[in-house]
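> Predicted model, plus sequence, below.
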Amino acid sequence: MKHSPGFLALVNDAKTRVRECDVAAVKARLDRGERFHLVDVREDGEFALDRARGAQHIGRGVLERDVETLIPDHDAPIVLYCGGGFRSALAADNLQKMGYTNVISMDGGMRAWREAGYPVDSGQPKG
């Protein structure tokens, strides 16, 4: 998808303030058994198709509204991802503005996760 210049400018600005990591770093943390919130911020329909194994869904459109209920600890480690790493950077920037101190955006997003062959849950989530 070709992104508009205004959107890219907004993302690039956010990326100056947020920490990023690649999918290999996230997978390594999972493999080590580290405890953190892996949050998919994509749209409901995207999440319904597939998601990184074990991810919870808080869509970008409701993230700021719902995150404090779902993740009340502002110091909790959180890794956000979207389709390619742009929306998650915007989301990470906003969470930091809300006082979250340990937020990372996964660069490359779900696209890079799939390309790496990492575990994916497909279809409607259980529960």
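Yep, that arrived. Numbering: from 1, shown residues only.

> Could you check the pLDDT of the closest residue to Met98 other than its chain neighbours?
Counting by CB to CB, 6 or more residues apart in numbering, the nearest residue to Met98 once its immediate chain neighbours are dropped is Glu64, at 6.6 Å. From N, CA and C alone the C-beta is placed, and that goes for glycine too. According to the per-residue confidence, Glu64 scores 97 in pLDDT.

> Count the neighbours of Glu64 for me.
Glu64 is flanked by 14 other residues according to other CB atoms under 10 Å.

> Check Val18 too.
The number of residues packed around Val18, counting by other CB under 10 Å, is 19.

> mind listing what it touches?
Ala89, Ala92, Asp93, Gln96, Val103, Ile104, Ser105 (CB atoms under 8 Å, 6 or more residues apart in numbering).

> any idea how far the closest residue to it other than its chain neighbours is from Ser105?
Nearest residue to Val18 in three dimensions, chain neighbours excluded: Ala92, at 4.1 Å (CB to CB, 6+ apart). Computed as CB to CB, to the nearest Å, the Ala92 to Ser105 distance reads 4 Å.

> between these two, what contacts are shared?
Contact criterion CB under 8 Å, 6+ apart; residues shared by Ala92 and Ser105: Val18, Arg19, Leu80.

> how near is the first one to Met110?
Yep, that's Val18 we're talking about. Taking CB to CB as the criterion, Val18 is separated from Met110 by 18 Å.

> same question, the last one
To Met110, Leu80 is 11 Å away according to CB to CB.

> So for stretch 3-20, mean pLDDT?
Stretch 3-20 comes out with an average pLDDT of 96.

> Of all the residues in it, which ones are buried?
Neighbour counts over stretch 3-20 (16 or more other CB atoms under 10 Å) mark Leu10, Val11, Ala14, Lys15, Val18 as buried.
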